[in-house]
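Asker: Quick one: sequence and predicted model below, then my questions.
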Number of protein chains: 2
Amino acid sequence: MAITIKDVAKAANVTPSTVSRVIADNPRISNKTKRKVRQVMEELGYQPNYKARNLASRTTQTIGLVMPNSTDQVFQNPFFPEVIRGISKMAHMTEYAIQFSTGETEEEIYDGVVQMVQSGRVDGVILLYSRMNDRVRAFLEEKAFPYTMIGKPSYDVEKISHVDNDNFSAAKEVTEYLLQLGHTKIGFVGGSTSLMVTLDRQQGYETALKEAGIPICEEYIVHEDFLIEGGKQAISELLSLKETPTALVVVDDLMAFGIINTLEKMGLRVPDDISIVGFNNLLLSEISQPPLTTVNINIFDLGYHAAKNLIEIINNPDEPAKRIIVPYQMTVRGSCKKLI
Amino acid sequence: MAITIKDVAKAANVTPSTVSRVIADNPRISNKTKRKVRQVMEELGYQPNYKARNLASRTTQTIGLVMPNSTDQVFQNPFFPEVIRGISKMAHMTEYAIQFSTGETEEEIYDGVVQMVQSGRVDGVILLYSRMNDRVRAFLEEKAFPYTMIGKPSYDVEKISHVDNDNFSAAKEVTEYLLQLGHTKIGFVGGSTSLMVTLDRQQGYETALKEAGIPICEEYIVHEDFLIEGGKQAISELLSLKETPTALVVVDDLMAFGIINTLEKMGLRVPDDISIVGFNNLLLSEISQPPLTTVNINIFDLGYHAAKNLIEIINNPDEPAKRIIVPYQMTVRGSCKKLI
DNA sequence: TTGTACGCGTTATCAG
DNA sequence: CTGATAACGCGTACAA
């Protein structure tokens, strides 16, 4: 049996409650007592028992992470390790533990979150995505359980704290960049249309075209659920058009890789035959062939601020919702070329 | 206040202990009572409180995951999402939760694990790596705390359950493949020499050469801690030799990408000027230019079996240690060429 | 500034 | 088969 608060109390000639107060650094305990108790704790190698602590204090000091479903390849995106690294950083600083939702299908994940929340395994939850008609979010909302998300909420944007990039502006900016290079036949390759990030970027893309007086061509806009495979699929659709685009805005670097690969198999070259802009700035984007012009969305910061946000919500449930916009940087490399 | 076991007991006209037994599906409770209690639980929407449950039962039903330190880029390796997916699968099936160690530096991680273990946040731990002189392992060992690891233990191989590939044979096989293609000047690019996976693969490489009667050239063996950056570094070292190798065995696909990128910048082509074999078979390896010949190590299975292993250990601490070897497949693609 | 007494929601032990 | 009763280890009003 590990050593408990009672053992410490006995050894320090005080009562358990005093020890408890020392742990909490209660100001009403004399420094002398604190010193003595702490010394005893040190000597005995005492570690508070979280199971008991949590029961008594009704908190867990842990935050739950919810991923999109892992059956699709989304999960293999280096995006996730990187957000988690950001979350982990903040969690460590604030002494929160991190718990993962398990489950592969949407159904399983939903059940997992319900379980996690109802049984009191976590104090709050971060959704690592934002999509329309999300049952998980609906559940959290209904329970009024503390949560935040990475991405723009699909409704009640003002009512819930979240962390996001300005995806509209980012997409508009890259599209304008392609316009400046002389491209007018610009395509857009998005992910699932239920993801907010797809919608925002598409709007930015469309707005840039409109402002340039270029009509939007529906055929130039395709959506794919998977990343690498989706990229392959997308480009074959686009190339089957009578007038093929000369440039593409692609919402994920992995998707862009899929596209570039397919193009090369067909004997087409990037950027000579077609220009491509991606999003995310993965480690690989710099060394790919050609190096990818992309938008660095600062994934680490997204995670870091999401964790910070959530912890604030947990500690202060009645504060107004906060929206954190993490800046992005367009990173010009070698996958775009002036149209001659 | 959520609804507790007492509420259920009252509504079902039984005592809390009976309800508890129904939850545990105790065989000594009559089916009639079980049915009644279960119905009441349903009606009231009762969910067991894990905080209390864990305190009373002295377990947590959660397993802890320990990563190598995240300051290096290792963490951006798609390897991790994939192992975690495997672990998550098994965890979900067995109703275990997953907790993550936080912390960036080795020191922080160590402290995090100590905390996790001492305060009773987890029932067992999976080390997602295996290295020499690992303080974390030493700690677990000393505490006799249930744990398993992915990779070969650096000592007491027979005494601890673990999940691994046969990295020796895999490396030997790919080296032999290069020999068959006519290469004799074959280099080896490994990760940190403190990682068991590096050592095993290096031995496989060396054994293949020895068996072919080719002397091992120390200069052809380089080690780098980082992945992509390391690849860049490694290749510039190798190219500075008077006699440069014509083929390389590289322990990680990401490293291979770094190498290929650097070569291309220098005007050298893979596989025309130099052949390369990687390890891991990431999603990207298939679509990279050229597509990478690599070893598929079945990362998902590694995670899946590690979780299974750990749970068995937790439930049966005295069983002998088990070693699970996950099969690998060499996947020939386009990054190797016959030497003329 | 410290001690007392009780509660947190379950499980486990011992009767019956 | 079921019911009391006592842990599990800690936090916290209330009292002193």
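Answerer: Ah, there it is. Residues are numbered from 1 along each chain as shown, chains lettered A, B, ... in the order given.

Asker: Domains in chain A, by residue range?
Answerer: A:5-57, A:167-297 (automatic domain parsing).

Asker: Can you lay out those as a markdown table showing mean neighbour count?
Answerer: C-beta here means a position set from N, CA and C on the backbone, and glycine is covered the same way. Output for the domains of chain A, formatted as a markdown table (neighbours: other Cβ atoms under 10 Å in any protein chain shown):
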| stretch | mean neighbour count |
| --- | --- |
| domain A:5-57 | 16 |
| domain A:167-297 | 21 |
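
Asker: closest one to DNA strand D among those domains?
Answerer: Among those, domain A:5-57 comes nearest to DNA strand D, with 3.0 Å by Cβ to the nearest atom of the strand.

Asker: For that closest one, what is the distance to the chain centroid?
Answerer: A distance of 38 Å separates the C-alpha centroid of domain A:5-57 from that of its chain, computed with Cα atoms, centre = their mean, to the nearest Å.

Asker: Can you confirm whether it lies near DNA strand C?
Answerer: Yes: remark: domain A:5-57 sits within contact range of DNA strand C at A:13-18, A:21, A:26-30, A:32-33, A:52, A:55-56, by Cβ under 7 Å from any atom of the strand.

Asker: measure the residue of chain A most remote from its centre to chain B for me?
Answerer: With Cα atoms, centre = their mean as the measure, chain A has its most outlying C-alpha, relative to the mean C-alpha position, at A:N13: 49.6 Å. A:N13 sits 24 Å away from chain B when distances are taken as Cβ to the nearest Cβ, to the nearest Å.

Asker: and what of A:I324?
Answerer: To chain B, A:I324 is 21 Å away according to Cβ to the nearest Cβ.

Asker: which parts of the stretch 1-150 of chain A sit against DNA strand D?
Answerer: Close to DNA strand D, as judged by Cβ under 7 Å from any atom of the strand, the stretch 1-150 of chain A has residues A:1-2, A:4-6, A:16-17, A:20-21, A:23-24, A:48-49, A:51-53, A:55-57.

Asker: restrict these to those near chain B?
Answerer: When those are filtered against chain B using Cβ under 8 Å from any Cβ of the partner chain, the residues retained are A:2, A:48-49, A:51-53, A:55.

Asker: Save the residues you listed as CSV, and put in secondary structure and pLDDT too.
Answerer: Written out in CSV, the entries for those read as follows (DSSP: H, G, I helix; E, B strand; the rest coil; pLDDT from 0 to 100):
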residue, secondary structure, pLDDT
A:A2, coil, 79
A:P48, coil, 92
A:N49, coil, 93
A:K51, helix, 92
A:A52, helix, 93
A:R53, helix, 92
A:L55, helix, 92
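
Asker: what's the closest of those to DNA strand C?
Answerer: Taking Cβ to the nearest atom of the strand as the measure, DNA strand C sits nearest to A:L55 out of these, at 4.0 Å.

Asker: Tell me which stretches of chain A form strands.
Answerer: Taking DSSP state E to define them, one finds strands in chain A at A:62-66, A:97-100, A:124-127, A:147-150, A:162-165, A:186-190, A:221-223, A:247-250, A:275-279, A:293-296, A:323-326, A:329-331.

Asker: want to try TSV for these, with mean pLDDT as columns?
Answerer: Rendered in TSV, the data for these read as follows (pLDDT from 0 to 100):
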stretch	mean pLDDT
strand A:62-66	96
strand A:97-100	94
strand A:124-127	97
strand A:147-150	97
strand A:162-165	98
strand A:186-190	97
strand A:221-223	97
strand A:247-250	97
strand A:275-279	97
strand A:293-296	98
strand A:323-326	97
strand A:329-331	97
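
Asker: show me what contacts A:P146?
Answerer: Shown in contact with A:P146 (Cβ atoms under 8 Å, 6 or more residues apart in numbering or on different chains): A:123-125, A:310, A:313-314, A:317.

Asker: can you tell me which two in those are farthest apart?
Answerer: By the measure Cβ to Cβ, A:V125 and A:P317 form the most distant pair in those, at 13.7 Å.

Asker: Show me which of the two is the more surrounded one.
Answerer: Between A:V125 and A:P317, counted using other Cβ atoms under 10 Å in any protein chain shown, the more crowded position is A:V125 (24 against 10).

Asker: Show me which residues of the stretch 201-340 of chain A sit near DNA strand C.
Answerer: Looking at DNA strand C, no residue of the stretch 201-340 of chain A is close enough under Cβ under 7 Å from any atom of the strand.

Asker: circling back: tell me which entries of the contacts of A:P146 lie within helices.
Answerer: Among these, DSSP state H puts A:310, A:313-314 in helices.
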